[in-house]
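In: Sequence and predicted model, in that order:
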Amino acid sequence: MKFFDLHCDTAYECRCVLSHDLKSGAHHLSLERGSYLDAWHQIFAIFMPDEQNGAMCRGDMAITHYEKVRDFIYRQEELYHDRFVICRDKESFEMSEKSGVCGAIISVEGGSACAGSLERIRKMYDDGVRLMTLTWNAENELACGVGADKKGGLTPFGREAVALMNEIGMAVDVSHLSDEGFWEVAEISKTPFVASHSCSRRLCPHRRNLTDDMFCEVSRCGGLVGINFSRGFLRENCEAKLSDILRHTEHFLSLGGEACVCMGSDFDGTDMPDGITGVESMGALYEEFLRINYPESLVNDIFWNNAHRYFSKHIFK
């Protein structure tokens, strides 16, 4: 089977918490555990914490943290070049699929990595970053996150950043962004944007989930929504099972999201539902969709085609 996943925190977890490489991986994902996949595109997030050692992780501190995780990802390509390729352009994106290796796409989870500089965004693109979540939970130079102390959307710099990301071919990710920020991105982004790891707020009223109107806007513009496997996003009481992933998928499909829904696991960044232990469980999840009579063509769209089409059209042109 083919698997395209919009978000994992494995690189951060391996570099900053566990001191592992990607061959052995972290709690949910490793190169070995994903080796059964026929084709695999995995977005590896450089997670940007809002605080480090009791201080806000901004400015030079944020840049240093970003570079530490970036360099770790680079080192994995050097160590495991026969099974791990960073997708920087159309050629590497297509080659990784044909050769059956893990085609890694670098993202940044938190725009604090650019430290308020448009030139930093250009540098991040040159580094291989192809998607950026504008905020984590707090406020940064670009916008207010869902957990910011004050209400608000994009800053003037955040609006400039979205315009630049559209120009250079870096996907705008609204997961973690405040509701106000979401609608401002919807208003100004000239390229379809994504919510890399979010579920349905109607089914589970978590602040990080999308309302039906939000989902329909992402779908309308030609973007993507990756279903997050987090227990707390799937069920309010956190007693989530594998079937809850299907429940949220089904709801988004009922809103006309056949070309929009994909997977955004949040591996190594959250607690998995019962029935999901990691990337090795994706075969069982795929089979569960088939078992309840989803057409195989639709399941392939959810697991691969929708995300692949978006990145082929908008990022790796």
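Out: Perfect, thanks for sending it.

In: and stretch 278-293, average pLDDT?
Out: Averaged over stretch 278-293, pLDDT sits at 98.

In: Any buried residues in that stretch, and which?
Out: 278, 279, 280, 281, 282, 285, 286, 288, 289 (16 or more other CB atoms under 10 Å). Every residue, glycine included, has its C-beta placed from N, CA and C.

In: again with stretch 187-197
Out: The neighbour-count check on stretch 187-197 (16+ other CB under 10 Å) flags 189, 191, 192, 193, 194, 195, 196, 197 as buried.

In: re the thing from before, among the buried residues of stretch 278-293, which one lies nearest to residue 88?
Out: Of all the buried residues of stretch 278-293, residue 279 has the smallest distance to residue 88: 22.7 Å, by CB to CB.

In: which stretches of this structure have low pLDDT?
Out: Applying pLDDT under 70 to the chain flags no residue at all.

In: For it, which segments count as strands?
Out: Counting by DSSP state E, the chain has strands at residues 2-8, 39-47, 51-52, 55-56, 84-86, 102-109, 129-133, 171-173, 194-195, 224-227, 261-263.

In: right, and those strands - which one's nearest residue 27?
Out: Closest to residue 27 of those, according to CB to CB: strand 2-8, at 10.5 Å.

In: Number of residues surrounding residue 104?
Out: 24 (other CB atoms under 10 Å).

In: With residue 79 instead?
Out: 14.

In: how near is the closest residue to it other than its chain neighbours to residue 73?
Out: Distance criterion CB to CB, 6 or more residues apart in numbering; nearest residue to residue 79, sequence neighbours excluded, is residue 21 at 6.4 Å. Counting by CB to CB, to the nearest Å, the gap from residue 21 to residue 73 is 11 Å.

In: wait, residue 122 sits on residue 168?
Out: Yes - applying CB atoms under 8 Å, one finds residue 122 in contact with residue 168, separated by 6.7 Å.

In: Now do stretch 201-215: distance from first to last residue.
Out: This stretch, stretch 201-215, spans 10 Å end to end (CA to CA, to the nearest Å).

In: That should have said stretch 195-202, apologies.
Out: When the termini of stretch 195-202 are compared using CA to CA, they are 16 Å apart.

In: what does stretch 141-161 give?
Out: Distance across stretch 141-161, first residue to last, is 10 Å (CA to CA).

In: Would you mark the buried spots in it?
Out: Buried residues in stretch 141-161, defined by neighbour count with 16+ other CB under 10 Å: 141-146, 148, 152-155, 157-159, 161.

In: So between residue 21 and residue 73, which is more surrounded?
Out: Each of residue 21 and residue 73 had its neighbours counted (other CB under 10 Å), and the higher figure belongs to residue 73 (22 against 17).
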